[in-house]
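Novice: Next input, structure requested:
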Amino acid sequence: MSSVFCCLRWCGDGSSGHIPLKEMPAVQLDTQHMGTDVVIVKSGRRICGTGACLANAPLHQNKSYFEFKVQSTGVWGMGVATQKANLNQIPLGRDLHSLVLRHDGTLYHNNEEKNRLPANSLPQEGDVVGISYDHIEMNLYLNGKDMHCPASGIRGTVYPVVYVDDSAILDCQFSEFYYTPPQGYEKILFEQQIF
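Specialist: Okay, here's the model as predicted:
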């Protein structure tokens, strides 16, 4: 009987048996993985300056979704990249380490145009670009509408990436989206949240 009582009161260590849960960090732009002339503000959600920045969480889950809002136009790009991407050399999409939508509506990977937004669909100031990624294909959404221009080719562990230059300012949404993600896609989860 005493052994049962000991187990019920956590063997006399004086605690109530409550184990505090570890709070997961928020997905945001990672100031440890950004270009030297990049400025990150608004709690890791806004990028300005010149260069690129990765998010702080890799896309481990099967179907991820995230958004970028164009606050001020200029030269910009968004998509996915590995940690090997050169975050000081823009535009991205010149090598194997990034797959991005550029401000001119082209999608680039390994210095090859993989696709292009439909005519009259270039994102403007105030527009929201959604990105879905399933480890094979990246798809784009403009203000919630599917642009039907998939791109693929990048391999390895990828992170959301964004770059700016020429006065562009972009805001990132990694949760609490402006638009509903496509069926089966969800916000980026840290690896511990998946299991």
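Novice: Need the three-state assignment for the most centrally placed residue in the chain.
Specialist: In the chain, the C-alpha nearest the mean C-alpha coordinate belongs to residue 160, at 3.0 Å (CA atoms, centre = their mean). Using DSSP: H, G, I helix; E, B strand; the rest coil, the structure places residue 160 in strand.
Novice: how about the nearest residue to it, chain neighbours excluded?
Specialist: Distances taken as CB to CB, 6 or more residues apart in numbering place residue 55 nearest to residue 160, at 4.1 Å, with adjacent residues excluded. From N, CA and C alone the C-beta is placed, and that goes for glycine too.
Novice: again, but for residue 182
Specialist: Nearest non-adjacent residue to residue 182, counting by CB to CB, 6+ apart: residue 132, 5.4 Å away.
Novice: Can you tell me how far that neighbour is from residue 51?
Specialist: To residue 51, residue 132 is 25 Å away according to CB to CB, to the nearest Å.
Novice: and if you look at residue 107?
Specialist: Noted for residue 107: a distance of 20 Å to residue 51, by CB to CB.
Novice: next helix or strand past the helix or strand of the chain with the lowest mean pLDDT?
Specialist: None of the helices or strands of the chain scores lower by mean pLDDT, DSSP states H and E than helix 2-8, at a mean of 45. The first helix or strand that comes after helix 2-8 along the chain, using DSSP states H and E, is strand 29-34.
Novice: Where does pLDDT dip in this structure?
Specialist: Scanning the chain for pLDDT under 70 picks out 1-23, 192-195.
Novice: can you tell me how far the residue nearest to residue 36 when sequence neighbours are not counted sits from residue 68?
Specialist: Using CB to CB, 6+ apart and skipping the chain neighbours, the partner closest in space to residue 36 is residue 88 (5.9 Å). Relative to residue 68, residue 88 is positioned 20 Å away (CB to CB).
Novice: neighbour-wise, which of these two wins?
Specialist: In terms of neighbours (other CB atoms under 10 Å), residue 68 is the more surrounded of residue 88 and residue 68; the figures are 23 against 14.
Novice: Go ahead and list the helix or strand containing the more buried one.
Specialist: Element membership for residue 68, per DSSP H and E: strand 64-72.
Novice: so what's residue 116 closest to, chain neighbours aside?
Specialist: residue 106 (5.2 Å).
Novice: I'd like the distance from that neighbour to residue 100, if you could.
Specialist: Counting by CB to CB, the gap between residue 106 and residue 100 amounts to 9 Å.
Novice: In this protein, what residue spans correspond to helices?
Specialist: Remark: helices assigned in the chain by DSSP state H are 2-8, 191-194.
Novice: who's in contact with residue 54?
Specialist: The contact partners of residue 54, by CB atoms under 8 Å, 6 or more residues apart in numbering, come to 29, 30, 33, 34, 81, 83, 85, 87, 159, 160, 161.
Novice: Not counting residues beside it along the chain, what's closest to the fourth one?
Specialist: It refers to residue 34. Leaving aside its chain neighbours, residue 34 sits nearest to residue 53 (3.7 Å; criterion: CB to CB, 6+ apart).
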